[in-house]
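Trainee: when you get a sec, could you give me coordinates for this:
(one chain, ligands or ions: 2)
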Amino acid sequence: MKRIAVFTSGGDAPGMNACIRAVVRSAHYFGLEVYGILKGYDGMIHGNLIEMDDRSVSNIIQRGGTILKSARSEEFRTMEGRKKAYENIKKFGIDGLVGIGGNGTFTGAEVFYNEFQIPCVGAPGTIDNDLYGTDFTIGYDTAVNTALSAIDRIRDTADAHERIFFIEVMGRDTGYIAVRSAIAGGAEMSVMPESKNSIKEVIQKLKHGTSQSKSSHIIIVAEGHEVGRAQSIADKVKKELPELDAKVTTLGHVQRGGAPTAADRVLASRLGLGAVEGLIKGKTNVMAGVINRTLCYTPFKDTITKKKPINKELIRIVEILNGRKYHNIEREIL
Ligand SMILES: Nc1ncnc2c1ncn2[C@@H]1O[C@H](COP(=O)(O)OP(=O)(O)O)[C@@H](O)[C@H]1O
Ligand SMILES: O=P(O)(O)OC[C@H]1O[C@](O)(COP(=O)(O)O)[C@@H](O)[C@@H]1O
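Mentor: Numbering: from 1, shown residues only. Ligands and ions are numbered 1, 2, ... in the order given. The predicted structure follows:
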């Protein structure tokens with residue numbers, strides 16, 4: 001292996017730059033040349049590759065986003081698009097790829113490998129933390145801390161005006177950000193796909209709280225929850241409990257930006273190095289991850305098909321610390 005290329009794809013996440021830096025610097029350390037592909041798979045298709053030296057990744061470890069840019073590429077989903085991508089990969093003499101992203105990115109890399117045998121090792125970059133094969137994904141810790149600082153601020157108004165706040169956090173199909181920010185933010189409840197919460201349960205929770213003289217409430221809602229997004233849950237609650245002063249705050253993309261935390265920078269650096277070492281050792285179609293503090297490689301087919309379950313203990317913590325008996329909850333927690 002002489003020359004590798006690194007790209008970021010899917011949603012950007014804080015810490016991706018630290019990972020790019022680690023890939024570039026470790027590749028050079030091991031005597032490889034490195035190219036950066038701009039805008040993920042779109043850049044592969046359009047031949048947007050730039051050579052990267054050690055200085056090209058100076059002063060980025062602290063920056064959010066991705067200096068390589070990211071894109072969701074429809075064209076790469078087509079055989080025609082992937083063929084163009086392959087022609088560029090050959091033209092630039094690339095013999096290995098590091099893809100930083102989530103399951104979509106890894107699915108694309110696997111399809112590409114099956115067709116054109118270009119090896120790829122992945123690094124998990126998504127704020128959602130919903131990837132099997134790693135305890136934490138790059139960006140998750142920063143997103144939780146950003147959500148937490150917003151929750152702390154909102155709590156001041158909730159308390160001063162005795163209001164209920166429904167705070168919507170990101171998580172397309174999962175409540176990882178929701179549950180962790182709910183515990184750290186002292187929220188009453190975390191409404192998320194894994195808990196299968198119902199509107200009835202939210203209403204019961206609020207009634208119980210007010211009967212216990214609680215004057216303000218913070219409820220965290222994961223955007224991917226099937227009973228609805230924070231606004232629709234709040235609307236339904238307002239119909240049932242019109243006397244409560246309910247407000248909604250959707251945190252949105254603010255959670256995806258900003259300087260990565262130390263934990264994300266360290267994880268990203270470790271996984272960037274791990275991805276390069278994996279490629280050098282001949283690995284392909286695997287994601288570098290950290291499980292129980294140990295670097296490991298998980299096949300893309302597992303990261304794509306297997307679900308990483310949320311630690312039930314976290315759900316239990318939110319429920320017990322907020323005055324509801326865990327064994328009374330008549331629903332199964334996934
Ligand atoms: N089945 C597929 N075949 C080819 N490319 C795919 C496939 N699934 C995803 N991709 C590529 O991977 C990109 C990133 O996937 P996406 O789901 O948007 O983000 P993430 O990597 O964060 O899960 C997509 O925009 C697409 O270009
Ligand atoms: O910015 P977009 O393209 O609307 O995507 C929003 C989605 O991306 C995320 O921020 C991160 O998800 P991925 O990294 O898996 O793409 C989700 O939480 C959110 O649902």
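Trainee: tell me how far the residue nearest to the spatial centre of the chain lies from E110.
Mentor: Computing the C-alpha centroid of the chain and ranking residues by CA atoms, centre = their mean puts I127 first, at 2.2 Å. As judged by CB to CB, to the nearest Å, I127 and E110 stand 23 Å apart. Yep, even glycine has a C-beta here, placed from its N, CA and C like the rest.
Trainee: rewinding a little: E194 versus the residue nearest to the centre of the chain, what's the distance?
Mentor: For I127, the distance to E194 - CB to CB - is 17 Å.
Trainee: most proximal residue of the stretch 151-300 of the chain with respect to ligand 1?
Mentor: Nearest to ligand 1, among the residues of the stretch 151-300 of the chain, is R172, at 8.8 Å (CB to the nearest ligand atom).
Trainee: excluding chain neighbours, what is closest to that residue?
Mentor: G224 (5.0 Å; CB to CB, 6 or more residues apart in numbering).
Trainee: ok, the one you found - contacts?
Mentor: G171, R172, D173, T174, G175, M192, P193 (CB atoms under 8 Å, 6 or more residues apart in numbering).
Trainee: the helices in the stretch 1-150 of the chain, which residues?
Mentor: With DSSP state H, counting those that start in this stretch as the criterion, the stretch 1-150 of the chain has helices at 16-29, 40-46, 79-91, 103-116, 140-161.
Trainee: and the helix or strand harbouring L273 with helix 16-29, angle?
Mentor: L273 is part of helix 262-280 when elements are defined by DSSP states H and E. Relative orientation of helix 262-280 versus helix 16-29 (axes from the mean of the first three to the mean of the last three CA atoms, to 10 degrees): 40 degrees.
Trainee: stretch 188-203 near ligand 2 at all?
Mentor: No - using CB under 6 Å from any ligand atom as the criterion, no contacts between stretch 188-203 and ligand 2 are found, and the smallest distance is 12.0 Å.
Trainee: list of residues touching that stretch?
Mentor: Under the criterion CB under 8 Å, 6+ apart, residues 171, 173-175, 178-179, 182, 205, 209, 214, 217-222, 224-227, 233, 236-237, 240-241, 309-310, 315, 318-319, 322, 329, 331-334 lie in contact with stretch 188-203.
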